[in-house]
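Visitor: only geometry, no sequence info:
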């Protein structure tokens, strides 16, 4: 939340600086000076330009706000879904490994049982042979 607020403040500062700096630059004055204007129409044009800049700044602010508040949560939701998918896949792999281990253990037990049976049979045969 603090990071989002800081990002928003930095965007606003950048927008304000981007709008304020061109007005104070020498090139800005050179563009306006060669055009002869009557004082009233010049002031009217300056007022209109300022209104346009204000409107552009508001639109940029709106776009920035929408991007920060709508797109980022969507990205976070996508990351959350990806993380959940990864977790599900990981859990499935663990289940498969456990199943394989159980199968292997069952085979080993069967082999041990078979070995024990063979030993009993051999013992019985040996006892019969000796008798």
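Guide: Everything's here; your move. Because the structure is a prediction, the values reported are computed rather than measured.
Visitor: pLDDT weak spots in this protein?
Guide: 1-2, 17, 20-40, 131 (pLDDT under 70).
Visitor: so where do the helices sit in it?
Guide: 2-24, 26-32, 39-66, 72-130 (DSSP state H).
Visitor: For the ones you listed, give me CSV that also has mean neighbour count.
Guide: All C-beta spots, glycine's among them, are computed from the backbone N, C-alpha and C. Converted to CSV, the helices of the chain look like this (neighbours: other C-beta atoms under 10 Å):
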stretch, mean neighbour count
helix 2-24, 12
helix 26-32, 10
helix 39-66, 12
helix 72-130, 10
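Visitor: gap between stretch 116-123 and the chain center?
Guide: Centroid separation for stretch 116-123 versus its chain: 64 Å, with C-alpha atoms, centre = their mean, to the nearest Å.
Visitor: Tell me how far stretch 112-126 lies from the chain's centre.
Guide: Distance, centroid of stretch 112-126 to centroid of chain: 63 Å (C-alpha atoms, centre = their mean).
Visitor: and what of stretch 124-131?
Guide: With C-alpha atoms, centre = their mean, you get 75 Å for stretch 124-131.
Visitor: Kindly provide the distance from residue 59 to residue 46.
Guide: Taking C-beta to C-beta, to the nearest Å as the measure, residue 59 and residue 46 are separated by 20 Å.
Visitor: Residues in contact with stretch 58-67: which ones?
Guide: Contact with stretch 58-67 is made by 8, 11, 12, 15, as judged by C-beta atoms under 8 Å, 6 or more residues apart in numbering.
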